[in-house]
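# need the 3D shape of this:
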Amino acid sequence: MTKIHVDFIRGKRIESTHQVKALITNVDGKILLSTNNDNDYFFPRSSIKIFQAIPFVMSGAIKKYKLRDKHIALACASHKGEEFHIRELKSWISKIKLKTKNLRCGIHGPLDKTASEKIIYSRKKFNELHNNCAGKHLAMLTSCLFNNYSIANYLDFNHPHQKNIRKVFNKFTETKLSKENFSLDGCSAPQYSFQIKSISKALNNLIKCYNSNFEYSIATKLLIDSTLNYPNYIGGTKSFDTKVIDSSKSKIFCKHGAEGVFLFAHLKKGVSGVIKVSDGNERAIPITIINIFRKLKLMNKKELGDLEKKEPFYLKNHAGKKIGYISSKIK
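Predicted structure coming up:
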């Protein structure tokens, strides 16, 4: 059994420690690294948006509404509300002739600080498109319009579109979701708890779908390729998942989720990973992922060096002074 913990060190003392659950396997299910939490349940949160987007792609709505690759990437995204994100979301909602109020995700300011401050200073108001899950919700609504489903209750557990999403989860995890696994995400969409090993299975099946021909292969390839071609759209210019895709030269598809979740699928090597920080602190993710990549040789030295430059492990205070650093151990 492997143990992973991340320490925040201030001065010469450990101030905080974060324990990490992890399961890394190859497409055949062989365990390459495990913290022995494979049977633990967790909420993957936004990390599973690609699976939620598959019914949207399968519906035929992309062709009908003439959506572009950037729109497709946003269906998998937790965007940061940067100008290029909002521009494409406005284009999308215009194409389907809906209003922002049709999105039931709620409103928050852009997660990108600069983008948020720009709106505040201009005295404009935030709207649903600034919600980081806006792309996921537009995908759901677009699919509902194509299928003539009701859009008023598109987030209900028994809505036909949500049933289609559960079919995808059942297929990829090779399990069956039950109502007791059901909860709500931060954006009010259905969210489910899964065992870590079930999401590992789903990621391996995702790799198989991407590299071969299976039931959802066409949809999977379109979603992944759109994201790999436009990595800034799955997160943002400062997002760690965007940085991983970019530094790996698009060999790794990945997505973070709230409360310290990170999923990745190395499309060339056929290796996938499920990472969950036990206390939900997301600052433990980057150094954990980089060390796992190094240990399992999922990135070469040049790629790792490029990623480390983009994601320094020291922390600064509000005066810009270095006050500590993050350290990770895998043993």
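# and the longest helix that the chain contains, how far out from the chain's middle?
Longest helix of the chain, by residue count under DSSP state H: helix 196-211. Here helix 196-211 is found 14 Å from its chain centre; the criterion is C-alpha atoms, centre = their mean, to the nearest Å.
# ok, now stretch 155-170?
With C-alpha atoms, centre = their mean, you get 19 Å for stretch 155-170.
# stretch 114-127 too?
On C-alpha atoms, centre = their mean, the centre of stretch 114-127 falls 25 Å from the chain's centre.
# how about it: buried residues?
A115, S116, I119, N127 (16 or more other C-beta atoms under 10 Å). Placement of C-beta: from N, CA and C, glycine included.
# got the CA coordinates for the longest helix of the chain in CSV?
Extracted C-alpha coordinates of helix 196-211, given in CSV (Å, rounded to 0.1, in the frame of the first residue of the first chain):
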residue,chain,number,x,y,z
ILE,A,196,-12.9,5.3,-6.4
LYS,A,197,-12.4,2.0,-8.3
SER,A,198,-15.6,2.6,-10.3
ILE,A,199,-14.4,6.0,-11.6
SER,A,200,-11.0,4.3,-12.3
LYS,A,201,-12.9,1.8,-14.4
ALA,A,202,-14.8,4.6,-16.1
LEU,A,203,-11.5,6.4,-17.0
ASN,A,204,-10.0,3.2,-18.5
ASN,A,205,-13.2,2.7,-20.6
LEU,A,206,-12.9,6.3,-21.7
ILE,A,207,-9.4,5.6,-22.9
LYS,A,208,-10.6,2.5,-24.7
CYS,A,209,-13.4,4.4,-26.3
TYR,A,210,-11.0,7.1,-27.5
ASN,A,211,-8.5,4.7,-29.0
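# pLDDT (mean, whole number) over it?
Helix 196-211 carries an average pLDDT of 98.
# quick one: list the elements packing against that helix.
strand 13-26, helix 49-58, helix 160-173, helix 217-229, strand 261-266, strand 271-277 (3 or more C-beta pairs under 8 Å, 6 or more residues apart in numbering; DSSP states H and E).
# helices or strands up against the second one?
Spelled out, it's helix 49-58. helix 69-75, helix 134-147, helix 160-173, helix 196-211, helix 217-229, strand 252-257.
# CSV for those, including distance to D279?
CSV is the format used below for the helices and strands packed on helix 49-58 (distance: least, C-beta to C-beta, whole Å):
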stretch, distance to D279
helix 69-75, 30
helix 134-147, 26
helix 160-173, 25
helix 196-211, 16
helix 217-229, 29
strand 252-257, 15
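# how about those in TSV, adding mean neighbour count and distance to L89?
TSV is the format used below for the helices and strands packed on helix 49-58 (neighbours: other C-beta atoms under 10 Å; distance: least, C-beta to C-beta, whole Å):
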stretch	mean neighbour count	distance to L89
helix 69-75	25	7
helix 134-147	24	5
helix 160-173	19	19
helix 196-211	22	25
helix 217-229	20	15
strand 252-257	26	18
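# what comes into contact with the lowest-mean-pLDDT helix or strand in the chain?
Least confident helix or strand of the chain, by mean pLDDT, DSSP states H and E, is strand 314-316 with a mean of 88. With C-beta atoms under 8 Å, 6 or more residues apart in numbering as the contact definition, strand 314-316 has outside contacts at F8, K322, I323, G324, Y325, I326.
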